[in-house]
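1. Would you be able to build a 3D model of this:
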Amino acid sequence: MERVESSSSARLKRVRESISGVIKKPTGREKWGGRFDFLLSCIGYAVGLGTIWRFPYVCYRNGGGAFLIPYLIYMLLMGMPLVLMEMGYGQFSSLSPIAVWKISPLFQGVGYGMVIISAIVCVYYNVIIAWTLYYFVMSFTWTLPWSNCNNRWNSDRCFTRWKNVTGNGSGVDSSAAASSSAVATTQATRSTALANEQRYRSPSEEFWEYNVLGISDGIESLGTPHWHLAVSLLVAWIIIFLCLCKGVKTSGKVVYVTATLPYVLLICFLVRGATLEGAITGIKFYIIPDWSRLLTFQPWAESAQQLFYSMGTAWGALITMASYNKFNNNFYRDAVIVSLTDTFTAFLTGFVIFSTIGFMANETGLPVADVVTNGPGLVFVVLPEAIAHMPGATFWAIIFFIFIFFVGVDSQFGMFETVLSALFDQYPGLRRYKIIVTAVLSIVEFLLGLTCISAGGVYVFQIMDWYCSTFSLMVLSLMECIVISWIYGTERFYRDMTLMLGFRPCRWWGLCWRFISPLLIVFVLMVNIVQHTPVTYGSYTYPTWAIALGWLFAICSIIPIPIVIIIKLAEQKGPMKKRVSSQIRPAPDWGPADELQREEYSRMNHGVTEHPLLWWGRKSDVVLFTSYEEKQAEGSDEAKRTDVETVESVTTYDANHDARDHESRDREAYDVTKESTKEESEERLQGNQSNL
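-> Numbers count the residues shown, from 1 in each chain. Have a look, this model is predicted:
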């Protein structure tokens, strides 16, 4: 038995090597240019701004270090299996999120939903990058503009809460300082101001709301786009266009900088933060575990939510990036590395943020709990305020916003490439106009983003961020698990992975795809539904029509699923059972992109029932729990037959391949012989003519 198994494995490996050696690129689809292009692109995409500004806050709020226990459990049960699944069928088919649903055409609406989510998020995600670019430019001053109240945008409510301030940062604007000598704020005044937060505001808050956002009273007062943000947004989209206009071979080289430099800067900030006075207080606040919190419901619910958003599944980007891989790339290894790196980065970022917040709490005399926050407020208000009072503030501000820019732009690459690849796969003729199409789509996204940079733009931004992916990501991931594991078939998907990898992944992943991950996704979805509240921005309450607009964003990526199902069934003829049966099967052209790989794929699946749904009265090709390894361990006849069939299949391939080689050589020899015979005949004819 062992000899059969080793012989089978050796032959499979030889076939894969021979295939990879003779394969050409008949489809014209791009491939990654370098060895680490795919891995770095996935890491850069997964480690997004949500990892930076949400994980540390959620971690501290749910028991500090104890929060890592449910987070790591969910990562193994839900996050990593979903990443592996998307990379697997994306690489196998070399198709974008819409075209890849040839795997089960009835559910192609899932692919449309992924592309719609990515397109919407691209609109407001680049707005964040625009804010970052503006802060970056404004950092090139000796005195950072958000460090004091001496600026034209400051109001009479401006108040600095720091013990040691310079200039007129004591609490009032510059005009008031000029007319009064009583501008020095005492500790008593500071305490009074902090007790009335609605009246007094920090310089960084006023810089954010009055200078950067130019915020209005509500979404009803949308106003016109601010020119400084419009320029920043335009620059952001030009950068995205230049990096993606020539495809993944260009972006794959860019990520060598954008995906690695943030870790260098993160380590620099970690070292700097650890040397600040009060840093240890913030770090203790972050990591000291509160084990009692694990006995409550909240940390288990929020850890599942955080991990779901952090891994970046169901957006279509992982499928898209994997589709540019070579067929035999080890995506199994890459999926594990990406998942672990994302988790490690999230935890490491918490040390940087809480050491800085500990310094801020020490300098202001406030408890750490009153300083910490999450979301854009952390990146554009709290941390800039702390950096402004560090020694060498200008340098650290520049470094910080470079870090935020690179983290954001990597995720934007993945989402925007998802939209582009879907468009090119649906309309292959557009590939010859790739630069023009990329430019047009960038302009459209830029124009839509202008709604988020006006006076009321932040209210629009909040609606999109609040509703766009709240429920749809869970629904799309759930549909993925159901279709791949229950309709396409886990066993069939294992054969696909084996053809790519040369070995069969362990059965743990199939168990997750079938049962564990779907149940956890349903759990996260139910938690989101129960805990959902209407969108707010600070104390502002949105009107009913704005909330309705938010729900439109929420369902626009889910509606394609039933619409496509109805259209697909309406296009078919015959009884409903036959229509459904024909559309849940893989399409006739489903499989690897290259002909030789497709031939091997067809041979491996020859004689396998393609219809795995049990209730249609046909035998399922899905093996629920008995894996290939178990059958071998039991020494069953079926395992022996599988080995023999595998060896025969490989032998047949070798024989056919050798036969084609012999035939080619024979044809060449025949051609040479024929040519030489022809030359000899001509020479004899000429000789006879000479004799005559």
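
2. From here on, just use CA atoms for contacts and neighbour counts.
-> Noted.

3. pLDDT score for the closest residue to D37 other than its chain neighbours?
-> Nearest non-adjacent residue to D37, counting by Cα to Cα, 6 or more residues apart in numbering: G252, 4.7 Å away. G252 is assigned 91 on the pLDDT scale.

4. Test my guess that R585 contacts F107.
-> No. Between R585 and F107 there is no contact under Cα atoms under 8 Å: 10.5 Å.

5. Looking at those two, which has the bigger crowd around it?
-> F107 (24 against 20; other Cα atoms under 10 Å).

6. Can you tell me the SS state at A314?
-> Under the three-state scheme (DSSP: H, G, I helix; E, B strand; the rest coil), A314 adopts coil.

7. Report how many residues lie close to it.
-> Look at A314: counted by other Cα under 10 Å, it has 31 neighbours.

8. Would you mind measuring from it to F553?
-> Note on A314: its distance to F553, by Cα to Cα, to the nearest Å, is 16 Å.

9. Around the residue nearest to D37, count how many other residues there are.
-> G252 has 23 nearby residues by other Cα under 10 Å.

10. Residues touching whichever strand or helix holds it, excluding its own?
-> Assigned by DSSP states H and E, G252 falls within helix 248-258. Contacts with helix 248-258, where a contact means Cα atoms under 8 Å, 6 or more residues apart in numbering, come from 30-34, 37-38, 40-41, 44, 243-244, 324, 406-407, 409-410, 413.

11. change it to 10 Å
-> Residues from elsewhere that reach helix 248-258, judged by Cα atoms under 10 Å, 6 or more residues apart in numbering: 30-45, 240, 242-245, 261, 321, 324, 402-403, 405-410, 413-414, 417.

12. which of those residues are buried?
-> Buried by 16 or more other Cα atoms under 10 Å: 31-33, 37-45, 240, 243-245, 321, 324, 402-403, 405-410, 413-414, 417, out of the contacts of helix 248-258.

13. Of those, which belong to strands?
-> Counting by DSSP state E, no part of the buried ones among the contacts of helix 248-258 is found in strands.

14. In helices only, show me those.
-> Counted as lying in helices by DSSP state H, out of the buried ones among the contacts of helix 248-258, are 37-45, 240, 243-244, 321, 402-403, 405-410, 413-414, 417.

15. Could you list the low-pLDDT ranges of this structure?
-> Low-confidence segments of the chain, defined by pLDDT under 70: 1-28, 163-199, 606-692.

16. Sketch out the strands for it, chain order is fine.
-> Counting by DSSP E, the chain has these strands, from start to end: 536-537, 540-541.

17. I'd like those strands written out as TSV, with mean neighbour count and distance to N329 added.
-> What follows is the strands of the chain, written out as TSV (neighbours: other Cα atoms under 10 Å; distance: least, Cα to Cα, whole Å):
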stretch	mean neighbour count	distance to N329
strand 536-537	14	45
strand 540-541	13	50
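
18. Save those as JSON lines, and put in distance to D594 too.
-> Formatted as JSON lines, these follow (distance: least, Cα to Cα, whole Å):
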{"stretch": "strand 536-537", "distance to D594": "51"}
{"stretch": "strand 540-541", "distance to D594": "55"}
